[in-house]
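Colleague: Using only what follows, build the 3D model:
(one chain, ligands or ions: 1)
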Amino acid sequence: MTTPDHDAASPAPTLPELRDRIDALDRELIAMLNRRARLAQEVGEIKKKEGSVVFRPEREAQVIDGLKQFNPGPLKNESVAPIWREIMSACRALETPTRVAYLGPAGTFSEEAALGFFGSSIVRVPCASIDEVFRNTSAGVADFGVVPVENSTEGMVARSLDIFLTTPLFIIGETSLFVRHNLLRKENALDGIEAVCAHPQALAQCHDWLSLHLPHAERRPVSSNAEGARLAAQDSRLAGIASARAASEYGVHVVAPAIQNDPHNRTRFAIVTDPHRHPAPQASGHDCTSLVVSVVNRPGAMYDILAPLKRHGVSMTRLESRPARSGQWEYYFFIDLQGHPEQPAVQTAMHELREACAFFKVLGAYPIDAH
Ligand SMILES: O=C(O)C(=O)C[C@]1(C(=O)O)C=C[C@@H](O)C=C1
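Modeller: Numbers count the residues shown, from 1 in each chain. Sure thing, here's the model as predicted:
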């Protein structure tokens, strides 16, 4: 094979020669990354003078989108987003620390979502509950919060949606994650497992595999999958169900990988922040606007919600309902629209929708997950 690094007339390079070339390129890369980092520091100085915020999700989404279009290969486009997220995370950390609250402890899928969205150069603020993530972000203990909103097999995460009704926080981004559950244990064998410790949702999501392979083991619900992994690390009679990251975090083996019933199990997370401390993201070109509304319970009410969207050609990508708990069979509707209120069609449709609703709240407008 000929490449720009290999002239067809000369003999094929040996392994040590190829590695020398990789070393030389890596040195060029680190020099260039440091030049990039210095530019980010200069941007940081300007922002400090202007009093503007460091994290700009729409700018980061545009950088990644632009590079995907420019990418000549053979690097896959799916690899471009995580590599540049890490680069921008490291550059951002030179401008200011980013403190991110999520449902802990270490090794949870929420932590994985936080690291996937912000990169690993962040200050981690693990929380005991979803409520605490919202509280810590409102109180300024964290700059951002990461909360699960829906799972492809289990549906919406009711607690998060309920808090969205009243919280002053708003959404500035989203990220979704493949949720692969693995059986973890101190010993690398299935024999002798007496109990499987995991969050009740994970036990439910792995029901089929557990019934087939460990029919006699007790299923013991615990506060989080990471807690299950921690317990499994201490007692070889116990196994946990958690991510591969949790396995390395707690020093246990992945005895059986991907044991969830649904191989395409995904969870979507929202990134929230305080509007007093962070401006709403500007339009990036690929955006989503999340709303929660309620309508008076009468014939045609649902039509009144949908008609403005149809009139102005705005697509709805999600519609979920939650009981209003008024005892009147009233509902809140969580709606995702494609686009950003900076676009006139979206703005007009939202204005007409607001007129038709008894309750109307914009939860945020933000770039669509770039992964
Ligand atoms: O462009 C900016 O505003 C920057 O601060 C630089 C940079 C980057 O590394 O590219 C870093 C942080 C922001 O979230 C966006 C981009």
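
Colleague: who's in contact with the one residue in the stretch 101-250 of the chain that gets nearest to the ligand?
Modeller: Going by Cβ to the nearest ligand atom, the ligand is nearest to Phe118 of the stretch 101-250 of the chain, at 9.5 Å. All C-beta atoms are positioned from the backbone trio N, CA, C, and that covers glycine. Taking Cβ atoms under 8 Å, 6 or more residues apart in numbering, we find Phe118 in contact with Arg85, Ser89, Thr98, Val100, Phe144.

Colleague: what does Ile368 give?
Modeller: So Ile368 contacts Ala61, Glu174, His286, Asp287, Cys288 (Cβ under 8 Å, 6+ apart).

Colleague: The same query, at a cut-off of 10 Å, please.
Modeller: Listed by Cβ atoms under 10 Å, 6 or more residues apart in numbering, the contact set of Ile368 reads Ala61, Gly173, Glu174, Ser284, Gly285, His286, Asp287, Cys288, Thr317, Asp336, Gln338.

Colleague: my read: the second one touches Val149, true?
Modeller: No: using Cβ atoms under 10 Å, Gly173 is not in contact with Val149, being 11.9 Å away.

Colleague: can you list residues touching both of the two?
Modeller: Contacts common to Gly173 and Val149, judged by Cβ under 10 Å, 6+ apart, are Phe269, Ala270.

Colleague: and those two? which has more neighbours close in?
Modeller: Between Gly173 and Val149, Gly173 has the larger neighbour count (other Cβ atoms under 10 Å), namely 26 against 22.

Colleague: bridging residues for that one?
Modeller: Ile271 (DSSP bridges).

Colleague: pLDDT on the helix or strand where Ser110 lies, on average?
Modeller: Per DSSP states H and E: Ser110 is located in helix 109-118. Per-residue pLDDT over helix 109-118 has a mean of 94.

Colleague: got the contact list for the residue most central in space within the chain?
Modeller: In the chain, the centroid-proximal residue (Cα atoms, centre = their mean) is Thr175; its distance is 2.9 Å. Thr175 is in contact with 85, 112-118, 146, 267-271, 369-371, counting by Cβ under 10 Å, 6+ apart.

Colleague: What count of nearby residues applies to Pro57?
Modeller: 22.

Colleague: so it touches Arg85, yeah?
Modeller: No: counting by Cβ under 10 Å, Pro57 sits too far from Arg85 to count as a contact (11.0 Å).

Colleague: Doesn't Ala12 belong to a helix?
Modeller: No: secondary structure of Ala12 (DSSP: H, G, I helix; E, B strand; the rest coil): coil, not part of a helix.

Colleague: Now the helix or strand hosting Leu363: buried residues?
Modeller: If you go by DSSP H and E, Leu363 is part of strand 359-367. Buried residues in strand 359-367, counted by 16 or more other Cβ atoms under 10 Å: Lys361, Val362, Leu363, Gly364, Ala365, Tyr366, Pro367.

Colleague: and the nearest residue to Lys361 once chain neighbours are set aside, what does it touch?
Modeller: Closest residue to Lys361 apart from its sequence neighbours, by Cβ to Cβ, 6 or more residues apart in numbering: Val292 at 5.0 Å. Applying Cβ under 10 Å, 6+ apart to Val292 gives the contacts 161, 164-165, 320, 322, 332-335, 357, 359-363.

Colleague: Also Ser129?
Modeller: Leu103, Gly104, Arg135, Arg159, Ser223.

Colleague: Where does Lys49 sit, in terms of helix or strand?
Modeller: helix 15-50.

Colleague: Residue numbers of the stretch 1-150 of the chain in contact with the ligand?
Modeller: Ala40, Val43, Val54, Phe55, Arg56, Arg59, Glu60, Val63, Met88, Cys91, Arg92, Glu95 (Cβ under 6 Å from any ligand atom).

Colleague: Outside of stretch 158-167 itself, list whatever touches it.
Modeller: Contacts of stretch 158-167 (Cβ under 10 Å, 6+ apart): 103, 129-131, 133-135, 137-138, 145, 147-150, 169-171, 269-270, 272, 274, 290, 292, 294, 320-325, 332, 334, 359, 361, 363-364.
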